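Participant: fold the stuff below for me.
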Amino acid sequence: MKHALAAACGAFLLLSCATATREQGLVSRAVEAMGGAQALGAVKTVSSSGTMKWWEPEQSDMPGGEPRFSAEAKVDMVADVAARASRVDYQKNFQYPSPRTFTYSEVVTPQAGYVVGVDSNGRNAESMKANPPAHSMSGYRLAATQRELRRASIGGLIAAMHANPQAVQPAADIVAGGRSLPAVSYQGFIVGFDPQSGLPERVRTLDYDNIWGDVTFDYIYTRWRDIGALKVPMSGRYELNGRTVQEVQLSEVRFNQPVERARLEIPAAVLANAAKPASGNVPYQWVIRRQFIGTYMDSDNVSYDTKASTGLRLQELSPGVFHVTGGTHNSLLVEMSDHLVVVDAPVTDAQSMWLVNETKSKFPGKPIRWVVLTHHHMDHAGGVRGLLGEGTVLVVGQGAGAHFRRVLSAPMTRNPDLRPRDFNANPILEVPESHVISDNRGRQVIAYVMDNPHAKGMMMAWVPDAKLGFVTDIWTPGPPLPAKPNPGLVSVVNAVKKAGIQPERFAGGHGSVAPYAQLAVLAGQ
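Facilitator: Numbers count the residues shown, from 1 in each chain. The predicted structure follows:
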């Protein structure tokens, strides 16, 4: 009896091992719906052409408003499946933050990435030195690009899942658009399947956004067409927390066409010093979405170019008034009698924590009590959580209060720089026209709401005893002024006139410091 029971148990275990799991069944059904394992395995090269469009939600005109349409492009792609190498050629026309066209190519291999041409206003040192312009990808960008290429190449992703069933794990169903999609997890992706057709419908990653905290980032596959023996999605879109941020329309897809090997190769001199794909806490959303608006600086520190800058630093502009520089985005630090005021919280909480640690060393016993944000855009407000200590007041322009209350209430369990905490106790002060921050010695920092073409509720800061103003985006102090004033520059002059102040200099959220008189002359004041 004992031996019979053991034999029965052994037979049950063997049967269990031989029985496909629910997850493997979903993948197998998808493989068949897409044309079968043999057809998927026969794909050696893929060539495609199409168009793309991008929207950036955190460059909106109003806080929490509609995403800003940023760019559209013509795109040609070729991939060698076996070599895991690809090339994407872009002709990308931007509308925001200014009209311009970038024509460039991205070459991606398992070991490195390479950009040929100019792809950003924020060119790094390597790109600036190269003639013609080109640069290797940072490890951050390479990892992000590789991830999105896998996601977009749904046939290859499903084939890999089918070939590695042990890596396919259970996942909660994806509920989106009023439907529930049975889902599986695979190497950082959550794949949801259409219950009717069995086709993969949505591939999700769980990312961190510097404004909205924990977010879902989905690619949705649509407009499936038969191409040879395979079924292929000819359209798709990316959604960030359910909001469309990118659309893809393919006009042509071809399989197993000859590939010119040289187009997929990275020059040996570049390859020798190129970064490997980053791992761990990759800031995917920053890397991906700064490219949406053509301002991404390709570096393995999101705050500064590691190949050109020694890092962030405090530059004293006047006694107790410091410009936080060394990176792509600056802030202003003002020492008061018993506390500190910070204007702008750019990029990430990592940059903010650098500043917090500097203040603890340089100004012991003086906490940051006021954080003033010039406006709501992600590159100047993305480090706001890192600056908010116990009781710190967040100061924002008119119309931004409710937006930032939602931001500070958002979950942040995936924040790589801060432990999760409750920010609901931090007061938010919404400024209708102006607000004065003062100390017992008479020093003031004044925030003025200003009419401008960049963002609703925008403010400039003014430190009267230093005769110093601070503005972001609408004027970049330091570089030569244009021959004619643009609307942003005019808005600075108008705000100064309305406030009745007499600044000698302005520091910028970008750039450095410049005399105000030159701008006033240009604007005819």
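Participant: ok, which stretches of the stretch 51-200 of the chain are strands?
Facilitator: For the stretch 51-200 of the chain, strands defined by DSSP state E, counting those that start in this stretch occupy the ranges 68-80, 85-94, 100-108, 113-117, 134-136, 169-170, 174-176, 179-181, 183-186, 189-193, 200-209.
Participant: which neighbouring elements make contact with the next helix-or-strand element following the last one?
Facilitator: In the C-terminal direction, the helix or strand that comes right after strand 200-209 (DSSP states H and E) is strand 213-227. Applying 3 or more Cβ pairs under 8 Å, 6 or more residues apart in numbering; DSSP states H and E, one finds that strand 213-227 contacts strand 200-209, strand 230-240, strand 243-255, helix 284-292. Using the backbone N, CA and C atoms, a C-beta is placed for each residue, glycine as well.
Participant: distance to Asp344 and mean neighbour count for those - can I get that in a markdown table?
Facilitator: Below are these laid out as a markdown table (distance: least, Cβ to Cβ, whole Å; neighbours: other Cβ atoms under 10 Å):
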| stretch | distance to Asp344 | mean neighbour count |
| --- | --- | --- |
| strand 200-209 | 18 | 22 |
| strand 230-240 | 23 | 19 |
| strand 243-255 | 24 | 17 |
| helix 284-292 | 17 | 23 |
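Participant: pretty sure Ala400 sits against Ala447.
Facilitator: No. Using Cβ atoms under 8 Å as the test, Ala400 is too far from Ala447 to be in contact (11.9 Å).
Participant: if we can go back for a sec, which of the strands of the stretch 51-200 of the chain has the highest mean neighbour count?
Facilitator: strand 134-136 (a mean of 25; mean count of other Cβ atoms under 10 Å).
Participant: what is that strand packed up against?
Facilitator: Packed next to strand 134-136, using 3+ Cβ pairs under 8 Å, 6+ apart, are strand 113-117, helix 125-129, helix 268-273.
Participant: quick one: mean pLDDT over that strand.
Facilitator: Strand 134-136 carries an average pLDDT of 98.
Participant: for the residue nearest the centre of the chain, give me its contacts.
Facilitator: Centroid-nearest residue in the chain, with Cα atoms, centre = their mean: Trp286, separated by 2.0 Å. Residues counted as contacts of Trp286 (Cβ atoms under 8 Å, 6 or more residues apart in numbering) are Asn210, Val302, Val347, Thr348, Gly382.
Participant: now swap in Gln38 and tell me
Facilitator: Gln38 makes no contacts at all, as judged by Cβ under 8 Å, 6+ apart.
Participant: how near is it to Glu32?
Facilitator: Separation of Gln38 from Glu32 (Cβ to Cβ, to the nearest Å) stands at 11 Å.
Participant: poorly predicted segments of the stretch 51-200 of the chain, please.
Facilitator: For the stretch 51-200 of the chain, no stretch is flagged by pLDDT under 70.
Participant: could you redo the last one with a cut-off of 90?
Facilitator: Scanning the stretch 51-200 of the chain for pLDDT under 90 picks out 177.
Participant: got it, and the chain?
Facilitator: 1-20, 177, 524-525.
Participant: tell me how far the residue nearest to Asn93 when sequence neighbours are not counted lies from Ser70.
Facilitator: Leaving aside its sequence neighbours, Asn93 sits nearest to Thr101 (Cβ to Cβ, 6 or more residues apart in numbering; 5.1 Å). Going from Thr101 to Ser70 by Cβ to Cβ gives 13 Å.
Participant: for Ala410, see how far away Ala402 is.
Facilitator: 13 Å.
Participant: ok, Gln444 next?
Facilitator: Distance from Gln444 to Ala410, by Cβ to Cβ: 33 Å.
Participant: repeat for Ser434
Facilitator: 29 Å.
Participant: do the same with Lys92
Facilitator: Applying Cβ to Cβ to Lys92 and Ala410 gives a distance of 31 Å.
Participant: okay, and the common contacts of Thr101 and Ser70?
Facilitator: Phe94.
Participant: just checking, Lys74 touches Val88?
Facilitator: No. Using Cβ under 8 Å, Lys74 is not in contact with Val88, being 11.1 Å away.
Participant: still on that earlier bit, nearest to Asp173, of the helices and strands packed on strand 134-136?
Facilitator: strand 113-117 (34.6 Å; Cβ to Cβ).
Participant: what residues does that closest one touch?
Facilitator: 102-108, 127, 132-137, 141-142, 145-146, 266-267, 270, 274, 298.
Participant: could I get the strands of the stretch 51-200 of the chain as JSON lines with distance to Glu247?
Facilitator: Shown next, in JSON lines, are the strands of the stretch 51-200 of the chain (distance: least, Cβ to Cβ, whole Å):
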{"stretch": "strand 68-80", "distance to Glu247": "9"}
{"stretch": "strand 85-94", "distance to Glu247": "14"}
{"stretch": "strand 100-108", "distance to Glu247": "19"}
{"stretch": "strand 113-117", "distance to Glu247": "23"}
{"stretch": "strand 134-136", "distance to Glu247": "28"}
{"stretch": "strand 169-170", "distance to Glu247": "30"}
{"stretch": "strand 174-176", "distance to Glu247": "17"}
{"stretch": "strand 179-181", "distance to Glu247": "20"}
{"stretch": "strand 183-186", "distance to Glu247": "23"}
{"stretch": "strand 189-193", "distance to Glu247": "19"}
{"stretch": "strand 200-209", "distance to Glu247": "15"}
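Participant: which one of the ones you listed lies closest to Phe255?
Facilitator: strand 68-80 (10.4 Å).
Participant: Ala381 and Val395, how far apart?
Facilitator: Separation of Ala381 from Val395 (Cβ to Cβ): 12 Å.
Participant: of these two, who's got more company?
Facilitator: Using other Cβ atoms under 10 Å as the criterion, Ala381 and Val395 rank with Ala381 on top: 27 against 24.
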